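Enquirer: just need the structure, nothing else, for what follows:
(chains A and B)
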Amino acid sequence: MRDFIDPGVVARLAGLAMDARLPMIGSVSGRHRSPTRGSSLEFSEYRKYVPGDDTRRLDWRAWGRSDRYYIKEYEADTNLRLCLIMDVSGSMNYGLNGSQEPGHSKLDYARRLAGTLAYLAAGQGDAVGLYCAGPDFSREIRPRRSAAHLKFVLDELAGMEAAGETGLPDALHQAAEKIAQRALVVIISDLFIEPEVLRSCFQHLRFRKHDVAVFHLLEQNEIDFEFDRPVRFVDLEGAPSMLVDPTTIARQYRTAVQKYLAELKKILRDSAVDYHRVSIEEHYAEVLARFLLSRKK
Amino acid sequence: MSFLQPAILFALPLIALPILIHLINQNRHRTVHWAATMFLVQARRMARGMARLRYLLLMLARMLAIAGLIFAVSRPMAGGWLGLTASDAPDMTIVLLDRSASMEEQDPRTSQSKRSTALKKLIDLVQRTESGTKLVLFDSALKQPLEVSSVAELRELPESGPTATTADMPSLVQQVAEFIAANETGRTDIWICSDLRRHDWNPTAGRWESVRRELAMREGVRLFLLTYPEVTEDNVAVTVSGVHRRETSAGAELVMDIRLSRTGDTSQPRTVELTMVIDGARSRLDLEMTGDRLVRSGHAIPLDRDARQGWGRVELPRDANMIDNVYNFVYAEPAVRKSVIVSDDPQAAEIFRIAAGTPVDASLVYETEVLSSAGASAIPWESTAFLIWHAAIPDGLLARQLNDFVESGRSVLFFPPDTPNDNRIFNVNWTNWITPADGVHFQYRPWRTDTDLLANAESGAPLPVGQVQCFRACGLTAENAVPLWQLQDGSPLLLRAAADQGAAWFCSTLPTASASSLLNNGVTFYIMTQRALARGAAALGAARQLDCGTLPRSVAGSWTPLDAPSEDVWISQRTISAGLYQSNDTLLALNRPPVEDDSTVLTSEDLADVLAGLEYTRIDDEVGGTMQLASEIWRTFLVLMILALIVEALLCVPEAVSDSTRKEKVPA
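Expert: Numbering: from 1, shown residues only, chains lettered A, B, ... in the order given. Below you'll find the model as predicted:
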């Protein structure tokens, strides 16, 4: 166990399976629906017999009743690929109430979310991969199912640091191309990117038939903009600092934030992305529980 | 604007306090590491216009609030015309008061005259604003500076009371200018209170030029005109002239010409009730007026045959101006109208003799006597009413006799000799003969039609002065003289020299054919000669009609009032107030000069010309008006401060949270 994975949380969430919303194409049998028919216990449908079908799958009872040949088909269950895409731009260093203390930043919060999800996924036999979206698409760990691979992923999460400008749009496009088969793509970011830029990213991922989920990390004051005297704002991604009298622009700031959130929400809804706006004041266990419950079949 | 607590104005730099606080606040900023910079950039872009404006308005409102408070506490004073007294109190305030008869026009509601309204407002202004300033009064009747120790006295002083005089504003303003120059008065406010009557201001007077030059040179002198130019509606004035006693078959009668003039709507006929008072006996006369004037010539009132001399007056019912409702007159046996002509030119002498000796009134006795310059010592000074002096200006005894002659109230008309000398009399001397530049005849400026020898006839028609052609004129230099008729270049053709009593005129040309066409156009020359004779004869008779303001105050001490109103007049005010008196064996009737009945007002253009080059503030007030020249206006600044605070508060109120700006919790 790593310090960013709370055994208590894991134990609490262990009862909640992480399900995919879309059929997955896995390499082994698992608990997730597959687009192909298989031999699970889950009945799917009848169809007429055609020459060449395996006669062992004929439903003799149906033949006895109707004197016709029907093949009985069942769902196929398979495993999923969990691809975690982490935003590691400088803005993820922003923490609770603006602090940058270790353990309180968005990156730390994202690390807890991702680590716990990876642990849970590995626990139910799914493959876990990790992609880091920094100034360049710097780090890429393809999904695998082994325990050693999980350790590798967790090691990578533990050593992750946020710096520089965001490279999330490029990272998403590249991830869409590189993740070969259907996967559950979980993006954890503050998403301080123009919504129109994100639209193409999510559409790209959806085009590749990935099940996309987004954890949008925000701190309450980033929305409220509650300041009472002049502030010099130093950009965490390296842009020039700004001396601002917050009282003169608070209204415009809030307007811009609301417009952005509304636009983002619409884009994500249109792209059928599972969107979770997360306040980093909230305990991540609650967020994960909500996430897992919402995906329950 | 002035302030009763000017020291508080030193706190005015506090106006910068909001800016200072803002700058301090800016320096006290804290640093925040921020992730959502993209929203900051957008917000600043959106807020660039309105937010900056709002911020500027906020600063302005705060500064205004502080300024309003400081100004309110410093107790500002201002006039109904803001900025009237735009600095501290001057070292001296000179009040130049027009006390002419026309200034007594009253507001029927308040019974306040133009003069008393102006005084009241000035007293109020000085009391409120100019503590410690020296106050000097120049009035148009006495023309003497009078230092007033307390401004409240101004109302009570006899020198600020009503008179029946006319005002010589050019002369008065010139006196003020000379007073300022002589006394180095420092920062001086000149307040001219006048009704801007054209005859008082005489915009063509040459003295205005020197007045303008003198005042323009003075730094710190500010000119304020408190004017009452409106002419009261429906005011009737009466004058009487040509009063003389005439024997008739039934006994005797008093003959006079009565002239009425009125202002306002003159389209409707109006019956005017005149009360005639003859030696205390009253009678009534109704006259029907159509138009703005009425002349009743030769009105006769029966007298006792024994009544050889006496007094009387014509009264009108009460109206807007009480001064012009009464006209006094006296009558007696008319004096012989004796003229003496001193000339060495027989041709000219004959013309003078005919002009002076031809009777205007057949009931009067006219005598003329011609003397050569060598025989001038034989002039019968005591019996002569009028002297025509066509000879070199004398000196020595003869000059003194001429001075005495004029000082006794009689008149002299000088004409230039062929060879002028350097002698000077009445501050005038002849120079050289001149001819017109075009070789034909001189061009003239408009002559003075309101008064004196060339004044319009009683009917208002002007004399045919313009038809006179002048081919030769003698130059002259004069001091303190009043030009009545000038050549185009400003050289005088006829002027009246300064004299306390009597009159001395100088005519620069001759009535001979070689010098002018005065003889051919005889009306002008005849009338001016007869007017000069009448003026001199008035001083000889036992009954004299005098204009107020023409006699020195000192002569009135021995006068005996003839009627009750005259008894109420202070001795010092007798020569400037209308009244009836007896001086030795002579009866005196003092009246306002008839020119005071002319209600023509100086136009703004004329006033601008008169005061060209001088900065002045004109305040057109109303008679009886209640608007103060200055009042405390701290309430205005207090209201301003409150308004600024309200604006500041409104700008600081958090904006209503709209749907687009409503804060929301992060979890979607």
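
Enquirer: and residue B:577, how far from residue B:292?
Expert: 27 Å (C-beta to C-beta, to the nearest Å). Any C-beta I mention is one placed from the backbone N, CA and C, and that applies to glycine too.

Enquirer: which of those two has more neighbours?
Expert: Applying other C-beta atoms under 10 Å in any protein chain shown to residue B:577 and residue B:292 shows that residue B:577 carries more neighbours, namely 26 against 15.

Enquirer: need the pLDDT of the more buried one.
Expert: pLDDT for residue B:577: 92.

Enquirer: ok, the spatially closest residue to it that is not a sequence neighbour - how many residues close by?
Expert: Excluding the flanking residues, the one nearest residue B:577 by C-beta to C-beta, 6 or more residues apart in numbering or on different chains is residue B:569, at 4.8 Å. Neighbour count of residue B:569, defined by other C-beta under 10 Å: 19.

Enquirer: for the chain, which residues score under the pLDDT cut-off?
Expert: You didn't pick a chain, so chain A it is. The model of chain A has pLDDT under 70 over residues A:1, A:21-44, A:74-79, A:136-138, A:297.

Enquirer: ah, no, chain B please
Expert: Ranges of chain B meeting pLDDT under 70: B:1-2, B:4, B:78-89, B:129-131, B:625-631, B:654-668.

Enquirer: for the most centrally placed residue in it, what are its contacts?
Expert: In chain B, the C-alpha nearest the mean C-alpha coordinate belongs to residue B:200, at 3.6 Å (C-alpha atoms, centre = their mean). By C-beta atoms under 8 Å, 6 or more residues apart in numbering or on different chains, the contact set of residue B:200 is B:98, B:100, B:102, B:140, B:166, B:167, B:168, B:169, B:194.

Enquirer: please name the residues that touch the third one.
Expert: Right, residue B:102. Residue B:102 touches B:114, B:195, B:197, B:200, B:321, B:324, B:596, B:599, counting by C-beta under 8 Å, 6+ apart.

Enquirer: switch the cut-off to 10 Å
Expert: B:113-115, B:166-167, B:194-197, B:199-200, B:228, B:231-232, B:235, B:237, B:321, B:323-324, B:592, B:595-599, B:601 (C-beta atoms under 10 Å, 6 or more residues apart in numbering or on different chains).

Enquirer: now do the longest helix belonging to chain A: distance to the chain's middle.
Expert: Longest helix in chain A, counting residues (DSSP state H): helix A:246-270. How far helix A:246-270 lies from its chain's middle: 23 Å, per C-alpha atoms, centre = their mean, to the nearest Å.

Enquirer: what residues sit buried inside that helix?
Expert: A:246-258, A:260-261, A:264-265, A:267-268 (16 or more other C-beta atoms under 10 Å in any protein chain shown).

Enquirer: do the same with stretch B:474-493
Expert: For stretch B:474-493, by 16+ other C-beta under 10 Å, it's B:474-476, B:478, B:481-487, B:491-493.

Enquirer: with stretch B:374-388 instead?
Expert: Neighbour-count burial for stretch B:374-388 [16+ other C-beta under 10 Å]: B:376, B:379, B:384, B:385, B:386, B:387, B:388.

Enquirer: alpha carbons of it, as PDB, please.
Expert: C-alpha atoms of stretch B:374-388 as PDB (Å, rounded to 0.1, in the frame of the first residue of the first chain):
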ATOM      1  CA  ALA B 374     -11.300 148.100 -27.400                       C
ATOM      2  CA  GLY B 375     -14.500 149.300 -25.800                       C
ATOM      3  CA  ALA B 376     -15.100 146.100 -23.900                       C
ATOM      4  CA  SER B 377     -14.400 147.800 -20.600                       C
ATOM      5  CA  ALA B 378     -17.700 149.600 -21.100                       C
ATOM      6  CA  ILE B 379     -19.800 146.500 -20.900                       C
ATOM      7  CA  PRO B 380     -22.700 147.000 -18.400                       C
ATOM      8  CA  TRP B 381     -22.000 143.800 -16.500                       C
ATOM      9  CA  GLU B 382     -24.800 144.100 -14.000                       C
ATOM     10  CA  SER B 383     -27.600 144.400 -16.600                       C
ATOM     11  CA  THR B 384     -26.300 142.100 -19.300                       C
ATOM     12  CA  ALA B 385     -27.800 138.600 -19.600                       C
ATOM     13  CA  PHE B 386     -25.800 137.300 -22.500                       C
ATOM     14  CA  LEU B 387     -22.500 138.200 -24.000                       C
ATOM     15  CA  ILE B 388     -21.200 137.300 -27.400                       C
END
